[in-house]
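Undergrad: sequence first, then the predicted structure:
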Amino acid sequence: MASARNWNWFHRMGSPRWFYETTGRWLPWLWVLTISLVLTGLVWGLAFAPQDAKQGNSFRIIYLHVPASFLALAGYYLMAIAGAIGLIWKMKLSYMVMKSAAPIGAALTFIALFTGAVWGKPTWGTYWVWDARITSMLILLFLYLGVLALQYAFHSQEAGNKASAILALVGTVNIPIIYKSVDWWYTLHQSATIKLTSAPSMHPDMFQPLLVVIVAMYSFYGLALILYTRVEILQRERKAGWVRELARQAETQEPAK
Amino acid sequence: MTFQFESLQQMWDMAGHGPYVWTAILVSLFVMGWLLVRPLQQHSAILKTISQQLRQREQCQKEHQSANTSEEDK
Amino acid sequence: MIATSVGFSGYLKRDLLLAYRRRGEAASPLIFFLLVSTLIPLGVSPDSARLAELAPGIIWVMALLATLLSTESLFASDYQDGSLEQMLISPQLLALTVLGKVTAHWLVSGLPLTLVSPVIGIMLSLPGEGTVPMMASLALGTACLSLIGAVGAALTVSLRKGGLLLSVLVIPLYMPVIIFGSAAVQAAIDGLNWLGPLAILGAMLSGAIALCPLAIAGALRLVSNN
């Protein structure tokens, strides 16, 4: 009895319609939360956090660079776990989440790389260094692009889902190995002029806004993921009665121009 | 917590680091905004195509019915 | 027990026989390896000091590309003539059957590359101390590359333009192998202990032998269902 009730939520969660309707109720709050957190964190970090003693104002890029890198990596694991759930329990919704996570993750990895490069110019005098972390971030971008490319290469939606889930899982095993080996490779070639691992202990005045933007980025990620997944749901369930009803309602709310 | 710059102009300049900081911020925010706007556009586009298809089908059915009735009249 | 070993050795023998019958096709990665290595002195510099510096990395990059070249056709003919279907419904353990095929692929592509590499080493004026570590690292490393590449080949086998996609999928996963492979050679040239990176390559190979057949089998099942 108790176990039956425990699994109830799991099956309900597998229903795209349930997901669509529930997240529909969350969305307004999530929008408010995301926008206010991003604005607070960025204004705090850009205008009120004290300057870095060595890097001056250029360090303020950290307030987008670090959260984007965090979510780029965490997003890969989320994508792989969603893929694994899809493969094991054959849950349609899980594949939709996996498919939605790929473009978001790729975009965040791009942001992390771009902000890192722009930050590098005033700090080290060059846009690009073959540093361990930068290199593994670049490989992460390639992994995301691989998952995206594989997803769209198949004509059948289902084959694309399964294939990219397997690829994402293989990538998960590889990410720690890639990270470690790139790290090792870098220490072997290390040039003494550049040191990335600065600021082991950050001043609280700098750290607090960083915490805010990290939370903001998580909230942003959740919002983007939900929005993408809802599009996926509509696309795949377009023949279902409730989606048709939704389309009719949307039409009456917004009369044709 | 104090405002770190004497004026907004100085904040834009950031003691020479302005171009770097603001490019990074603006490009990132643009990409993030695009990540939110694109699904919204797709969402409404899908709903629109679905409702168009439904309307077309309804029209077809109506024509079919009226054709049937007119044949019956003869 | 008997059935599983039949799956492994049967497909190993079959694929070796097929490769022997299509000798020209099987030799093409090797020819590619040799041809590209003549491009390097022409493109970079014939100066032996500069070549010696670049040789470990270049040989490894070329070996990687040559393996990638032959990986695409790993399951292609089986898919086209329907023998893949038979492999899937046969009572043998699919992961072991697949391992037999990958072993055959390595014997045909990775092993010849390893055996030829000393010649390329001489052409690119690789210092003599590097020869043995290079062969050892290539032997272990190309086996890793065959296993990892087979995952990508299985995923893309049903696609018409699978080749380009395959390289996009697989090259990021190849990176640890090339790092430690070329590091072993470099370490030997610098007079350092090269057994360390080699041991890591061995560890990667054992991990790949354990995990890759499962992923390959999963990918092939998926392809057959669609």
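TA: Good, I have the coordinates. Numbering: from 1, shown residues only, chains lettered A, B, ... in the order given.

Undergrad: and for the helix or strand of chain B with the lowest mean pLDDT, what's in contact with it?
TA: Within chain B, no helix or strand scores below helix B:8-13, which has a mean of 75 by mean pLDDT, DSSP states H and E. With Cβ atoms under 8 Å, 6 or more residues apart in numbering or on different chains as the test, helix B:8-13 has contacts from A:46-47, B:4-5, B:18, B:22. For every residue, glycine as well, the C-beta is placed using N, CA and C.

Undergrad: how about these, which pair is most distant?
TA: Spatial extent of the contacts of helix B:8-13 (Cβ to Cβ) is set by the pair B:4 and B:22 at 15.2 Å.

Undergrad: residue C:7 - nearest residue in space that isn't next to it in sequence?
TA: residue C:92 (2.9 Å; Cβ to Cβ, 6 or more residues apart in numbering or on different chains).

Undergrad: could you pull out the helices for chain C?
TA: Under the criterion DSSP state H, chain C contains helices at C:2-21, C:23-43, C:48-71, C:76-81, C:83-89, C:94-108, C:110-123, C:131-156, C:162-189, C:195-225.

Undergrad: buried residues, the one helix or strand residue A:27 maps to. List them.
TA: Taking DSSP states H and E as the criterion, residue A:27 maps to helix A:16-43. Neighbour counts over helix A:16-43 (16 or more other Cβ atoms under 10 Å in any protein chain shown) mark A:16-17, A:19-20, A:23, A:30, A:33-34, A:37-38, A:41-42 as buried.

Undergrad: which strands and helices lie in contact with it?
TA: Packing contacts for helix A:16-43, counted by 3 or more Cβ pairs under 8 Å, 6 or more residues apart in numbering or on different chains; DSSP states H and E, involve helix A:62-89, helix A:92-124, helix A:204-236.

Undergrad: report the angle between it and helix A:62-89.
TA: Orientation check (axes from the mean of the first three to the mean of the last three Cα atoms, to 10 degrees): helix A:16-43 against helix A:62-89 gives 160 degrees.

Undergrad: what angle separates helix A:16-43 from helix A:204-236?
TA: Between helix A:16-43 and helix A:204-236, the angle comes out at 150 degrees (the same axes, to 10 degrees).

Undergrad: what's near enough to touch the nearest residue to residue A:70 once chain neighbours are set aside?
TA: Excluding the flanking residues, the one nearest residue A:70 by Cβ to Cβ, 6+ apart is residue A:214, at 6.2 Å. Contacts for residue A:214 were tallied using Cβ under 8 Å, 6+ apart; they are A:66-67, A:70.

Undergrad: so which of those comes closest to residue A:117?
TA: Residue A:117 lies nearest to residue A:66 out of the contacts of residue A:214, by Cβ to Cβ, at 14.9 Å.

Undergrad: what separates the closest one from chain B, distance-wise?
TA: From residue A:66 across to chain B, the span is 12 Å (Cβ to the nearest Cβ, to the nearest Å).

Undergrad: can you pull the contacts of that residue?
TA: Listed by Cβ under 8 Å, 6+ apart, the contact set of residue A:66 reads A:210, A:213-214.

Undergrad: tell me if I'm right that residue A:131 and residue A:183 touch.
TA: No. Contact between residue A:131 and residue A:183 fails when scored by Cβ atoms under 8 Å: they sit 9.8 Å apart.

Undergrad: wait, residue C:167 touches residue C:71, no?
TA: No. Using Cβ under 8 Å, residue C:167 makes no contact with residue C:71, being 9.1 Å away.

Undergrad: for these two, indicate the residue with more neighbours.
TA: residue C:71 (26 against 20; other Cβ atoms under 10 Å in any protein chain shown).

Undergrad: tell me the contacts of the nearest residue to that one once chain neighbours are set aside?
TA: Nearest in space to residue C:71, with sequence neighbours left out and distances taken as Cβ to Cβ, 6+ apart, is residue C:149 at 3.6 Å. In this structure, residue C:149 makes contact with C:67-68, C:71, C:74, C:166, C:170, C:174, judged by Cβ under 8 Å, 6+ apart.

Undergrad: ok, now residue C:205?
TA: Residue C:205 makes contact with C:140, C:143-144, C:147 under the criterion Cβ under 8 Å, 6+ apart.

Undergrad: pLDDT weak spots in chain B?
TA: Scanning chain B for pLDDT under 70 picks out B:1, B:70-74.

Undergrad: dump the helices of chain C to TSV, plus mean pLDDT.
TA: Supplementary listing: the helices of chain C in TSV, determined by pLDDT from 0 to 100:
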stretch	mean pLDDT
helix C:2-21	80
helix C:23-43	86
helix C:48-71	90
helix C:76-81	86
helix C:83-89	85
helix C:94-108	91
helix C:110-123	92
helix C:131-156	94
helix C:162-189	89
helix C:195-225	90
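
Undergrad: which of those helices sits most buried?
TA: Of all these, helix C:131-156 carries the top mean neighbour count, a mean of 26, counting by mean count of other Cβ atoms under 10 Å in any protein chain shown.

Undergrad: pretty sure residue A:216 is touching residue A:34, no?
TA: Yes. Look at residue A:216 against residue A:34 with Cβ under 8 Å: they come within range, at 6.7 Å.

Undergrad: and the nearest residue to residue A:122 once chain neighbours are set aside, how many neighbours?
TA: Nearest in space to residue A:122, with sequence neighbours left out and distances taken as Cβ to Cβ, 6+ apart, is residue A:58 at 4.4 Å. Residue A:58 is flanked by 24 other residues according to other Cβ under 10 Å.

Undergrad: which element is the most centrally placed residue in chain B on?
TA: Closest residue to the average C-alpha location of chain B: residue B:41 at 2.8 Å, with Cα atoms, centre = their mean. Residue B:41 is part of helix B:18-73, with elements assigned from DSSP H and E.

Undergrad: same question for the helix holding residue A:27, mean pLDDT?
TA: On average, the pLDDT along helix A:16-43 is 91.

Undergrad: show me how far it is from its chain's centre.
TA: How far helix A:16-43 lies from its chain's middle: 15 Å, per Cα atoms, centre = their mean, to the nearest Å.

Undergrad: between that helix and helix B:18-73, how big is the angle?
TA: Going by the same axes, to 10 degrees, helix A:16-43 makes 160 degrees with helix B:18-73.

Undergrad: now the closest residue to chain C within chain B: how far from residue A:39?
TA: With Cβ to the nearest Cβ, the shortest gap between chain B and chain C falls at residue B:31, namely 21.7 Å. Going from residue B:31 to residue A:39 by Cβ to Cβ, to the nearest Å gives 17 Å.

Undergrad: and what of residue C:215?
TA: Residue C:215 is 44 Å from residue A:39, by Cβ to Cβ.

Undergrad: what of residue A:119?
TA: Look at residue A:119 and residue A:39: by Cβ to Cβ, they are 22 Å apart.

Undergrad: cool, and residue A:250?
TA: Residue A:250 is 30 Å from residue A:39, by Cβ to Cβ.

Undergrad: looks like residue A:92 contacts residue A:237 (just checking).
TA: No. Contact criterion Cβ under 8 Å: residue A:92 and residue A:237 do not qualify, at 9.2 Å.

Undergrad: give me the neighbour count for residue A:113.
TA: 20.

Undergrad: likewise residue A:44?
TA: 18.

Undergrad: with adjacent residues omitted, what lies nearest to it?
TA: The shortest distance from residue A:44 to any non-neighbouring residue, by Cβ to Cβ, 6+ apart, is to residue A:209 (4.0 Å).

Undergrad: quick one, what contacts that neighbour?
TA: A:41, A:44-45, A:48-49, A:63.

Undergrad: again, but for residue C:179
TA: Counting by Cβ under 8 Å, 6+ apart, residue C:179 touches A:181-182, A:184-185.

Undergrad: find residues that contact each of residue A:92 and residue A:237.
TA: Counting by Cβ under 8 Å, 6+ apart, the residues touching both residue A:92 and residue A:237 are residue A:16.

Undergrad: ok, and what's touching stretch C:119-129?
TA: Among residues not part of stretch C:119-129, those counted as contacts by Cβ under 8 Å, 6+ apart are C:33-34, C:37-38, C:40-41, C:48, C:51-52, C:54-56, C:58-59, C:62, C:130-131, C:134, C:185, C:188-189, C:191.
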